[in-house]
Every structure is written in C-alpha cells, then in structure tokens.
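Colleague: only geometry, no sequence info:
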C-alpha cells in the first residue's frame, strides 16, 4: 500500500505543481487585464465613432455639392426651355399673322372678282330692259 500511496502522492504533487505552472504561464501570456481591455474597447469605439461622423460629414458635403450642381443644371435647362418656348411662341405668332394676311388677301381678291362680276351681270340685266 505504501507504494500506491506514494504513487498517489506523486500524482497529486505533480497535478498541483502543473496547475501552478499553468496559472503562471497564463498570467504571463495574458494580453492584458480586464481594465486595460475595457479601456482599449472604449478607445476603439470612440475612434470608430469619430470615423463614422467624419464619413457622414463627407457624405453630407458630397450630397450638398451634387444637389448644388443639379440645381444649377436644372436652372440652366429651365432657362433654355423658356427661351425656346418664347422663340416658338414668336414663330407661331408670325405664322398666324402671315396666314391671316394670306386669308385677307384671298378674300379681297374674291370680293373684287365678285364685285366686277356683279357689275357685268347687272349691266346685262339692265340692257334687255332698256
């Protein structure tokens, strides 16, 4: 039995010493304490927050620039369309006036022809009566 007790004692001693060595190695190779880890997480979150704010500001500035450019282009297009509409309105007015003049001219010629034709008919009608 003494042999078994001796072997058990050696095992227990080896287990205990192994545990102490493992704990010491773990503490030596542990990256940092809990407080240091929390501080690192806090710093990183602040850094990421600042980066997100910066990116949002850059995106906002870019959007404002694009909006400004779009407004300028829209204003230019509106001005161009207004000028073109005015030109078309003037052309239409000119065409209408020319059409009215042609119609008046045609009616004037028909009235002159009818008047001269009417005089001839009236003189023919008067001749037999005389």
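Modeller: That came in fine, so what should we check first? Remember, predicted model here, so these are calculated numbers, not experimental data. Residues are numbered from 1 along each chain as shown.
Colleague: Could you give the secondary structure assignment for residue 93?
Modeller: helix (DSSP: H, G, I helix; E, B strand; the rest coil).
Colleague: Could you give the number of residues near it?
Modeller: Number of residues near residue 93 (other C-beta atoms under 10 Å) recorded here: 10. In this view, the C-beta of every residue, glycine as well, is placed from N, C-alpha and C.
Colleague: Flag every buried residue along the worst-scoring helix or strand of the chain on mean pLDDT.
Modeller: Lowest by mean pLDDT, DSSP states H and E among the helices and strands of the chain is helix 2-29, with a mean of 76. Of all the residues in helix 2-29, not one is buried under the rule 16 or more other C-beta atoms under 10 Å.
Colleague: packing partners for it?
Modeller: Of the remaining helices and strands, none touches helix 2-29 by 3 or more C-beta pairs under 8 Å, 6 or more residues apart in numbering; DSSP states H and E.
Colleague: quick one: it to chain centroid distance?
Modeller: Its chain's average C-alpha position is 70 Å from that of helix 2-29, according to C-alpha atoms, centre = their mean, to the nearest Å.
Colleague: do the same with stretch 82-90
Modeller: 30 Å.
Colleague: any idea of the mean pLDDT in that stretch?
Modeller: Mean pLDDT, stretch 82-90: 96.
Colleague: what do you get for stretch 64-73?
Modeller: Stretch 64-73 comes out at a mean pLDDT of 95.
Colleague: Same question for stretch 49-56.
Modeller: Here the average pLDDT along stretch 49-56 is 88.
Colleague: From residue 23, how far off is residue 50?
Modeller: 39 Å (C-beta to C-beta, to the nearest Å).
Colleague: same question, residue 64
Modeller: In this view, residue 64 and residue 23 are 59 Å apart by C-beta to C-beta.
Colleague: just residue 109 next, same as before
Modeller: To residue 23, residue 109 is 123 Å away according to C-beta to C-beta.
Colleague: what does residue 98 give?
Modeller: Where residue 23 is concerned, residue 98 sits at a distance of 107 Å (C-beta to C-beta).
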